[in-house]
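Participant: the following comprises the amino acid sequence and a computationally predicted model.
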Amino acid sequence: PTNLKITEVTSEGFRGTWDHGASDVSLYRITWAPFGSSDKMETILNGDENTLVFENLNPNTVYEVSITAIYPDESESDDLIGSERTLPILTTQAPKSGPRNLQVYNATSNSLTVKWDPASGRVQKYRITYQPSTGEGNEQMTTIGGRQNSVVLQKLKPDTPYTITVSSLYPDGEGGRMTGRGKTKPLNTVRNLRVYDPSTSTLSVRWDHAEGNPRQYKLFYAPAAGGPEELVPIPGNTNYAILRNLQPDTSYTVTVVPVYTEGDGGRTSDTGRTLMRGLARNVQVYNPTPNSLDVRWDPAPGPVLQYRVVYSPVDGTRPSESIVVPGSTRMVHLERLIPDTLYSVNLVALYSDGEGNPSPAQGRTLPRSGPRNLRVFGETTNSLSVAWDHADGPVQQYRIIYSPTVGDPIDEYTTVPGRRNNVILQPLQPDTPYKITVIAVYEDGDGGHLTGNGRTVGLLPPQNIHISDEWYTRFRVSWDPSPSPVLGYKIVYKPVGSNEPMEAFVGEMTSYTLHNLNPSTTYDVNVYAQYDSGLSVPLTDRGTTLYLNVTDLKTYQIGWDTFCVKWSPHRAATSYRLKLSPADGTRGQEITVRGSETSHCFTGLSPDTDYGVTVFVQTPNLEGPGVSVKEHTTVKPTEAPTEPPTPPPPPTIPPARDVCKGAKADIVFLTDASWSIGDDNFNKVVKFIFNTVGGFDEISPAGIQVSFVQYSDEVKSEFKLNTYNDKALALGALQNIRYRGGNTRTGKALTFIKEKVLTWESGMRKNVPKVLVVVTDGRSQDEVKKAALVIQQSGFSVFVVGVADVDYNELANIASKPSERHVFIVDDFESFEKIEDNLITFVCETATSSCPLIYLDGYTSPGFKMLEAYNLTEKNFASVQGVSLESGSFPSYSAYRIQKNAFVNQPTADLHPNGLPPSYTIILLFRLLPETPSDPFAIWQITDRDYKPQVGVIADPSSKTLSFFNKDTRGEVQTVTFDTEEVKTLFYGSFHKVKTSDYLSLISRKKYKTNLLFIKMSC
């Protein structure tokens, strides 16, 4: 604070005013005292005040004033100090007098209020003295300021008169006094104090409130016979209490004292007595069982909270146990006791403050008993029902032991809960006597048992079978049910003489219609009853379906290439199927005729041949069993042999195309001749093939060989690869081909090509490209993918020409990869010219390759399958000396073992008639056998006529290296040796694949043994 100013100076005071030092002052502390005095006066002002009147100062005295600012954090400013002198007192004499009109009122038991009228003049103080009017006790005094005119005298004695004197005091002495009297009231007490509701350890206390506003009540209690007094404080707004933890059967004195602000009121007392703790009376132990006893009693006196029942065997075989029940309970059930045992029982009453004395009793449990009245009933083929009367006491469960009484009995057992008294024993053996024992099981062991006997019934079959409702493919089987309960019935049936029975489980039905039977057939029918333990013996009968076959089947008009059959008609026939089968197993004939026909003649047969004819009756949904007859054609008359006509040459022979010059390949044309093509379009297809063949150079074993095959339902080879050695004759043969018609069986045709056309017998050559050209106009009616894959994997290059609405995916599956080169699509049969040039070019490029074709990774590529070149195939390997088949090495390939001293070779003229290609890669998969010597040997090489090596691959087991050698342009031998770690693994006895550029095929010389899985050369 700053700028302290002193104004309004008088003889008794002055005013101080200052400026605030800061805005956040919390308080001001002001001290003042006469200059040089240490007896300072002090006051505290709020922080928003800045002035104070200093009063009651001495006149004509210099005062020093100090002001200190106090902040919220309790820090303090520097002191602001100032001083001022009070004015001197005027010499005029002030008036004096004593107090007037003294009054004593508002008496309480310990206080009196005193009031008066003020004395005249400037009274400095009033002095009040007071003392009991009886003169007992010392006189007491108190003073108050001169401006006050009343005072409350405290801590007075109740019900006592007091003499009170009030004196006025001026600075220069006493002005006068005045005396009065007053009397305190007697002490207040509670009213209507009551002690009630006794228990063995509690008393309830209640009273009416004392007058006035007591702050609390003091509740004292102590045994009336003497003892320490206990105090319980009670809030002033409460007028009841419960005294706890008292002694039973004891008289207590209870005192309540109201407590006021000015002191305690009067004491009010009453007495009460707690109740006596008692014993339960007339304790009885009754209703014994093997494991339980019941206990009952008459109640103990007083407010019993609970009863504790303590029990134990008298002989001490088990420790004491107890159970606690509510105080309102009059009986208890004791469980899990030892059978046939004397028990000691003690009953104790439990009160809120303790427990009474025990009331003893005794009781004995009964001996254990077993089940009674065992019954065996409800016999079936695999079960028996057992029931019994319960054993006494708390049975935990019943254990049932059962076993056959015949044979080699093995005890089996089962259990049921103690609340059950029945069980079904299953699965049992049929028609078998059983011994059954039921044992009562208690918590601590087995009780008594009871034994009985029973017998299962046999597996009784159904009865009285009956066959009815016969039809061509069905009849009904009926029967009477089995006398015993069954799971169901099973029918087993088969044609008489057959070893392939059929069966049907029909459940609990007793009638069932058998469907899908053969017409005109007698069936053995067996009906079984199905039980849990098996089947009964069968109930048997025979049933016959209606006849659906021809009669009187005969042959007539037998010739060397024909004969006829006839038969008696069947009334239900809508058609007849006739099947002609040659005895030698070759393909026969099959035809279906109308139901109105009763004969048929077969033509085109082989002379002097046994035939069998079978006739089947057909209805719209059925076909009956066939009826057969045999016949033998006559011998054909001998005729002079004639040569087949030579096809006329075409009017003009097309010139060879340049791309086809020098081509050498085996080419097969496979043409669709199904109904969808028709005769006119078929001729257009033949014309297209005519133009294609016309573009070839030389048709002969030294050039291109061609074959033509057409297919529909059947496949026909019009001429083989080696049929024509002249281009003109081949073209002329194409003009003589006639359309056949039928369904589209492309898959069947592809299989025919592989098995009948592309064979050595049909003129197929080794190590020349093999080409198949397929022409079709629609989706095949059989599976083509598998047959096409076999041809592709055999190394044939397959081209496909599709006409109009074809399935491209199917064509792509037939053709070689890539499809862009091998699949051609034309809009119609007039559009072959659009693809003719490309097809001839691609076919001739394939035919002019210096290597044949092999199948690698889904594609047909130029290369040699060297194992085939050496006849090392599953079909031909047996003709090669020193080679055996090694089976089981790889799932997809055959491996061959080259024996010791074997020498496998072929002339290079057969393998590489045009010499080795400019570049090539040799791929070998081989395994060196453990007995192979360590000397180097040629795993493959080419020699001259004198067996001098020209090029080859050398394996050296001792140094574990692989070498490739050939002759350079000067005729000098050059060698490269491979000795890396990867090469060394070739000699560890497993199959290894070696891919080496610029080396060729296979020779194994003396002494050395190896397994070869395959050798390929890619160009």
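Facilitator: Yep, that arrived. Numbers count the residues shown, from 1 in each chain.

Participant: where does pLDDT dip in the stretch 751-900 of the chain?
Facilitator: Applying pLDDT under 70 to the stretch 751-900 of the chain picks out residues 850-865, 869, 874-879, 886-894.

Participant: just the strands in it please.
Facilitator: For the stretch 751-900 of the chain, the strands defined by DSSP state E, counting those that start in this stretch occupy 770-776, 796-803, 823-826, 853-856, 859-865, 883-886, 895-898.

Participant: contact partners for residue 466?
Facilitator: By C-beta atoms under 8 Å, 6 or more residues apart in numbering, residue 466 lies in contact with 477-479, 541. All C-beta atoms are positioned from the backbone trio N, CA, C, and that covers glycine.

Participant: pLDDT and secondary structure for the residues you listed - can I get that in JSON lines?
Facilitator: Shown next, in JSON lines, are those (pLDDT from 0 to 100; DSSP: H, G, I helix; E, B strand; the rest coil):
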{"residue": "477", "pLDDT": "95", "secondary structure": "strand"}
{"residue": "478", "pLDDT": "95", "secondary structure": "strand"}
{"residue": "479", "pLDDT": "94", "secondary structure": "strand"}
{"residue": "541", "pLDDT": "94", "secondary structure": "strand"}
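
Participant: other SSEs contacting the longest helix that the chain contains?
Facilitator: With DSSP state H applied, the helix covering the greatest number of residues in the chain is identified as helix 678-694. Other elements packing on helix 678-694 under the criterion 3 or more C-beta pairs under 8 Å, 6 or more residues apart in numbering; DSSP states H and E are strand 665-672, helix 727-735, strand 770-776, helix 833-847.

Participant: tabulate these (JSON lines), appending distance to residue 112.
Facilitator: Formatted as JSON lines, those follow (distance: least, C-beta to C-beta, whole Å):
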{"stretch": "strand 665-672", "distance to residue 112": "144"}
{"stretch": "helix 727-735", "distance to residue 112": "158"}
{"stretch": "strand 770-776", "distance to residue 112": "141"}
{"stretch": "helix 833-847", "distance to residue 112": "143"}
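
Participant: which one of the ones you listed lies nearest to residue 637?
Facilitator: Smallest distance to residue 637 across the helices and strands packed on helix 678-694 (C-beta to C-beta): 30.1 Å, for helix 727-735.

Participant: what comes up buried for that closest one?
Facilitator: The neighbour-count check on helix 727-735 (16 or more other C-beta atoms under 10 Å) flags 727, 729-734 as buried.

Participant: can you give me the mean pLDDT across that helix?
Facilitator: Averaging pLDDT along helix 727-735 yields 89.

Participant: report the angle between that helix and helix 678-694.
Facilitator: Calculated by axes from the mean of the first three to the mean of the last three C-alpha atoms, to 10 degrees, helix 727-735 forms an angle of 170 degrees with helix 678-694.

Participant: which stretches of the protein form helices?
Facilitator: Counting by DSSP H, one finds helices in the chain at the ranges 678-694, 727-735, 746-752, 785-793, 808-814, 819-822, 833-847, 866-869, 908-911, 981-984.

Participant: among those, which is nearest residue 432?
Facilitator: helix 785-793 (59.6 Å).

Participant: CA atoms of the closest one as CSV?
Facilitator: This file holds the C-alpha atoms of helix 785-793, laid out as CSV (Å, rounded to 0.1, in the frame of the first residue of the first chain):
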residue,chain,number,x,y,z
LYS,A,785,-9.3,-84.7,-75.4
LYS,A,786,-7.8,-88.0,-74.1
ALA,A,787,-7.4,-89.6,-77.5
ALA,A,788,-5.9,-86.4,-79.0
LEU,A,789,-3.4,-86.1,-76.2
VAL,A,790,-2.2,-89.6,-76.9
ILE,A,791,-1.5,-88.7,-80.5
GLN,A,792,0.2,-85.4,-79.6
GLN,A,793,2.4,-87.2,-77.0
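
Participant: what's in contact with it?
Facilitator: Identification of contacts with helix 785-793 by C-beta under 8 Å, 6+ apart yields 747-748, 750-751, 753-754, 758, 772, 798, 813-816, 855, 860.

Participant: quick one: it to strand 770-776, angle?
Facilitator: Going by the same axes, to 10 degrees, helix 785-793 is angled at 150 degrees with respect to strand 770-776.

Participant: report the buried residues of helix 785-793.
Facilitator: 787-788, 791-792.

Participant: in a markdown table, list those residues along with distance to residue 430.
Facilitator: Converted to a markdown table, the buried residues of helix 785-793 look like this (distance: C-beta to C-beta, whole Å):
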| residue | distance to residue 430 |
| --- | --- |
| 787 | 59 |
| 788 | 62 |
| 791 | 64 |
| 792 | 65 |
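
Participant: and those residues, which is closest to residue 39?
Facilitator: residue 792 (131.7 Å).

Participant: which residue ranges form the strands in the stretch 201-350 of the chain?
Facilitator: Counting by DSSP E, counting those that start in this stretch, the stretch 201-350 of the chain has strands at residues 203-208, 216-223, 230-235, 240-243, 251-260, 263-264, 268-273, 281-289, 292-298, 306-313, 321-326, 331-334, 342-351.

Participant: format the ones you listed as TSV; extra columns: mean pLDDT and distance to residue 78.
Facilitator: Listed next are the strands of the stretch 201-350 of the chain as TSV, based on pLDDT from 0 to 100; distance: least, C-beta to C-beta, whole Å:
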stretch	mean pLDDT	distance to residue 78
strand 203-208	94	64
strand 216-223	94	51
strand 230-235	93	53
strand 240-243	94	62
strand 251-260	93	51
strand 263-264	79	50
strand 268-273	93	64
strand 281-289	91	92
strand 292-298	93	91
strand 306-313	94	78
strand 321-326	93	79
strand 331-334	94	89
strand 342-351	92	76
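
Participant: pipe these into CSV and attach distance to residue 572 per row.
Facilitator: Formatted as CSV, the strands of the stretch 201-350 of the chain follow (distance: least, C-beta to C-beta, whole Å):
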stretch, distance to residue 572
strand 203-208, 113
strand 216-223, 121
strand 230-235, 116
strand 240-243, 111
strand 251-260, 122
strand 263-264, 131
strand 268-273, 120
strand 281-289, 83
strand 292-298, 85
strand 306-313, 94
strand 321-326, 91
strand 331-334, 86
strand 342-351, 94
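
Participant: which stretch among these comes nearest residue 637?
Facilitator: Between residue 637 and those, the shortest gap by C-beta to C-beta is with strand 281-289, which sits at 116.3 Å.

Participant: surely residue 154 is in contact with residue 111?
Facilitator: Yes - under the criterion of C-beta atoms under 8 Å, residue 154 makes contact with residue 111 at 5.2 Å.

Participant: more neighbours: which of these two?
Facilitator: Neighbours per residue, other C-beta atoms under 10 Å: of residue 154 and residue 111, the larger number sits with residue 111, 19 against 12.

Participant: pretty sure that one sits against residue 157.
Facilitator: No - Residue 111 is not in contact with residue 157 according to C-beta under 8 Å; the separation is 10.6 Å.

Participant: who touches both of these two?
Facilitator: With C-beta under 8 Å, 6+ apart as the test, residue 111 and residue 157 both reach residue 184.

Participant: tell me the confidence at the closest residue to residue 710 other than its chain neighbours?
Facilitator: Leaving aside its sequence neighbours, residue 710 sits nearest to residue 673 (C-beta to C-beta, 6 or more residues apart in numbering; 4.1 Å). Residue 673 is assigned 90 on the pLDDT scale.
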